[in-house]
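Chemist: Structure, please.
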Amino acid sequence: MITWRPSPHPSTRRYTRSPSPKASIGSPVRTTTLSGMNLAADLVDWTDVDLAQYSLGSSIGMFPHQTFHQAKSVFWTDNPVGDALWKVLHSLAEAGVLDYRQEPDYQFRWSRPGPDILRIGATTS
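Modeler: Sure, this is the predicted structure:
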């Protein structure tokens, strides 16, 4: 297992990999291949930030012919596309659509069933 730690470069949000015994503690972490077609389905379990970025990007057509390994430099380097995906994931977490945690890794998961999202802001009788 791996854990993510902040990059030593303060100007970037990217993360470097390091072995960690804490990575096996807590909820199960998604390590399987993502569909890239349905963000809610892809993030049903805690998912590392780079895989969450790939799923988000794939779901909006950014990586139509690229596997995660072919696209990973987008998430592991400082660049506008990776930064935008990072910001969207955090915006969705702030809105309550996603859950976010920093331990044992930087991870996201879907926090609501899909149909409930449509009821945000709706009044009940």
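Chemist: check contacts around Lys63.
Modeler: For the record, residue 63 is Phe, not Lys. Gly36, Tyr54, Gly57, Gln70, Ala71 (CB atoms under 8 Å, 6 or more residues apart in numbering). Just so you know, the C-beta spots here come from the backbone N, C-alpha and C atoms, and that holds for glycine as well.
Chemist: now Asp50
Modeler: Applying CB under 8 Å, 6+ apart, the residues near Asp50 are Tyr15, Phe68, Lys72, Phe75, Trp76.
Chemist: quick one: average confidence on the helix or strand harbouring it?
Modeler: Per DSSP states H and E, Asp50 falls inside helix 49-59. Across helix 49-59, pLDDT averages out at 95.
Chemist: Quick check on Asp45: phi, psi?
Modeler: When quoted as degrees, to the nearest 10, the phi and psi of Asp45 stand at phi -110, psi 170.
Chemist: Report the angle between the lengthiest helix in the chain and helix 49-59.
Modeler: Determined from DSSP state H, the single longest helix within the chain is helix 80-94. Taking axes from the mean of the first three to the mean of the last three CA atoms, to 10 degrees, helix 80-94 and helix 49-59 form an angle of 100 degrees between their directions.
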